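Q: here is the input, now give the coordinates:
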Amino acid sequence: APAATTAFGAPSSGFGVGVGAAATGTGNPPYRDTQERDTAAVGSAPQTFNYKSITKMAEYANKSFEELRHEDYAKGNKGAAQPASGFGAATTSPFG
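A: As a prediction, this is how the structure comes out:
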């Protein structure tokens, strides 16, 4: 049987795969804030901007957060389990 292809004739190998980067997920290197300095404003002091986005890191800049999540899920990494709370969770009340 012929290999599956996309509408443009490229091999179909899954979401985000085939764009020149191996599926690695977000474990290595771990997340860190990204800082950039802007010195473009003439006559003003340089500003430092802190970004809280994994796709701003140079190691992950060529992928969307959806692609990174897909790679993590494919590796079985779905994040830390969150404790049950909210609707339907067993709770104790100081009012009895």
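Q: need the residues that contact stretch 34-54.
A: Contacts to stretch 34-54, defined as C-beta atoms under 8 Å, 6 or more residues apart in numbering, come from residues 26, 31, 33, 56, 57, 60, 65, 68. Backbone N, C-alpha and C define where each C-beta goes, glycine included.
Q: rounded mean pLDDT for that stretch, please.
A: Averaging pLDDT along stretch 34-54 yields 86.
Q: out of the contacts of stretch 34-54, which are inside helices?
A: Judged by DSSP state H, the contacts of stretch 34-54 include 65, 68 as members of helices.
Q: which two in the contacts of stretch 34-54 are spaced the farthest apart?
A: Farthest apart among those by C-beta to C-beta are 33 and 68. That separation is 16.4 Å.
Q: between these two, who's got more neighbours?
A: Neighbour count, other C-beta atoms under 10 Å: between residue 33 and residue 68, residue 68 has more, with 18 against 10.
Q: the residue nearest to the more buried one when sequence neighbours are not counted and residue 39, how far apart?
A: Closest residue to residue 68 apart from its sequence neighbours, by C-beta to C-beta, 6 or more residues apart in numbering: residue 26 at 5.2 Å. According to C-beta to C-beta, to the nearest Å, residue 26 and residue 39 sit 30 Å apart.
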